[in-house]
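Chemist: Okay, here's the prediction I keep looking at, along with the sequence it came from:
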Amino acid sequence: MNDLRIEARPTPRPGPGELLVEVRSVGVCGSDVHYYQHGRIGRYVVEQPLVLGHEASGVVVAAGPGADASRVGERVAIEPGIPCGRCTRCRTGHYNLCPDVRFFATPPIDGAFARYVAINQDFAYPVPDTLDDDEAALIEPLSVGLWASWRAGIRGGERVLVTGAGPIGLVAVQVARALGAAEVIVTDLNRRRLGLAADLGATSVIDLTRESVPADLGADILLECSGAPQALVDGIRALAAAGTAVAVGMGPAADAVVPLQLIQNREIVLTGTFRYANTYPKAIALAAAGRIQLRSLVTGRYDLDHTEEALTAGSSDPSAVKAVVHPQQR
């Protein structure tokens with residue numbers, strides 16, 4: 001724990017159907033910080049040296065056997081989870097729930113805080129030049145927000161409550177507005193993040209250091225992005241009858257108590273999300289069209305030698321939102 005080292009490793013060799021990508025930008029996720037600080041998340045335990053980082057973009061520099069060599073030179077956003085493609089979950093389109101998925105920076109799979117990674121060509125998505133490398137890397141957290149909104153069934157005209165104005169909450173705000181939500185209310189304890197939420201499309205904000213979420217808010221949809229058990233409870237209480245609550249943020253607690261009687265009496269739908277599936281093309285299109293502002297989330301850029309500073313930026317600077325690492329720079 002709290003042990004980060006930079007070491008020289010051989011450049012990966014792309015296998016059948018794989019591309020070798022020169023990594024240009026990697027966003028720091030809360031899971032990276034958790035592995036660095038605590039060495040585990042739930043049942044995933046770091047038992048050997050692990051390369052962190054899964055929000056990645058880069059340039060294709062080589063193609064393995066059977067991969068499309070014409071893609072060399074292409075700028076790509078990397079979807080970091082490679083499913084088996086054979087199980088029932090994969091074959092029914094729920095590949096994010098594949099029990100054998102190999103996900104970057106999830107023990108024992110190495111991640112993208114590296115100069116090069118090999119990736120299945122089907123999970124390296126071309127990005128237009130209108131998106132820079134940092135924006136291309138942040139297609140990954142954007143996919144989390146997009147998947148949450150799809151799970152919530154946002155179609156237009158809804159009043160949406162987003163609890164938590166971290167990176168996922170901030171993209172969820174933008175996705176909800178892009179999909180037609182009439183109102184998006186955001187809660188947080190951090191005033192700077194609430195100000196950024198307002199800049200990115202929130203119609204109103206609630207500073208939880210000054211007030212609580214009104215139980216009679218009458219929201220149609222809750223996107224709980226903080227991972228705080230109390231935020232889930234308060235958010236559910238703020239839903240109108242027949243509302244939908246989506247648990248997006250993952251906190252340290254394995255269990256949470258929910259107001260079951262209220263859920264029953266109001267026929268509220270409560271569901272969760274686990275990563276995303278089939279989101280990358282839509283997420284790239286939304287960002288490329290200017291419907292989602294990803295560059296605004298980046299509050300710090302670091303070279304590879306200062307990756308540890310990137311991992312601790314959130315705890316050392318309350319104004320930090322998203323740190324990115326540029327592995328080609330030292």
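Modeler: Thanks, I have the structure now.
Chemist: would you put the C-alpha positions of stretch 203-219 in CSV?
Modeler: Extracted in CSV, the C-alpha atoms of stretch 203-219 (Å, rounded to 0.1, in the frame of the first residue of the first chain):
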residue,chain,number,x,y,z
THR,A,203,-30.2,23.6,-13.6
SER,A,204,-29.8,23.9,-9.8
VAL,A,205,-27.4,22.7,-7.1
ILE,A,206,-27.7,21.8,-3.4
ASP,A,207,-24.8,22.5,-1.1
LEU,A,208,-25.1,19.7,1.5
THR,A,209,-23.0,21.8,3.9
ARG,A,210,-25.9,24.2,4.1
GLU,A,211,-29.1,22.3,3.4
SER,A,212,-30.4,18.7,2.8
VAL,A,213,-32.1,17.2,-0.1
PRO,A,214,-35.9,17.9,0.2
ALA,A,215,-37.9,14.8,0.6
ASP,A,216,-40.6,16.4,-1.5
LEU,A,217,-38.3,17.1,-4.4
GLY,A,218,-40.4,14.9,-6.7
ALA,A,219,-37.5,13.8,-9.0
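Chemist: dump the residue contacts of residue 218.
Modeler: 159, 238, 239, 240 (C-beta atoms under 8 Å, 6 or more residues apart in numbering). For glycine as for every other residue, the C-beta is placed from the backbone atoms N, C-alpha and C.
Chemist: And the pLDDT for residue 252?
Modeler: Residue 252 is assigned a pLDDT of 76 by the prediction.
Chemist: the strands in the stretch 101-250 of the chain, which residues?
Modeler: For the stretch 101-250 of the chain, the strands defined by DSSP state E, counting those that start in this stretch occupy 102-103, 116-120, 124-126, 159-163, 183-188, 204-207, 219-224, 239-247.
Chemist: Of all those strands, which one is nearest residue 85?
Modeler: Residue 85 lies closest, by C-beta to C-beta, to one member of the strands of the stretch 101-250 of the chain: strand 116-120, at 9.4 Å.
Chemist: so what does the closest one touch, helix or strand wise?
Modeler: strand 18-27, strand 55-63 (3 or more C-beta pairs under 8 Å, 6 or more residues apart in numbering; DSSP states H and E).
Chemist: if we can go back for a sec, write the ChimeraX selection for whichever of the contacts of residue 218 are buried.
Modeler: In ChimeraX, this line selects whichever of those come out buried by 16 or more other C-beta atoms under 10 Å:
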select :159,238,239
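Chemist: Tell me which residues are up against stretch 128-139.
Modeler: With C-beta under 8 Å, 6+ apart as the test, stretch 128-139 has contacts from 24-27, 55-58, 75-77, 125, 127, 167, 171, 280, 283-284, 287-288, 294-295, 297-298, 301, 322, 324, 326.
Chemist: Can you turn the buried part of those residues into a ChimeraX selection?
Modeler: The buried residues among the contacts of stretch 128-139 can be selected in ChimeraX (16+ other C-beta under 10 Å) with this line:
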select :24,25,26,27,55,56,57,58,75,76,77,125,127,167,171,280,283,284,287,288,294,297,298,322,324,326
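Chemist: how many neighbours does residue 92 have?
Modeler: Residue 92 has 9 neighbouring residues, counting by other C-beta atoms under 10 Å.
Chemist: distance of it from residue 98?
Modeler: Residue 92 sits 11 Å away from residue 98, going by C-beta to C-beta, to the nearest Å.
Chemist: cool, residue 207 as well?
Modeler: Taken as C-beta to C-beta, the span from residue 207 to residue 98 is 40 Å.
Chemist: These two: who's more crowded?
Modeler: Taking other C-beta under 10 Å, residue 207 and residue 98 do not tie; residue 98 has more neighbours (21 against 13).
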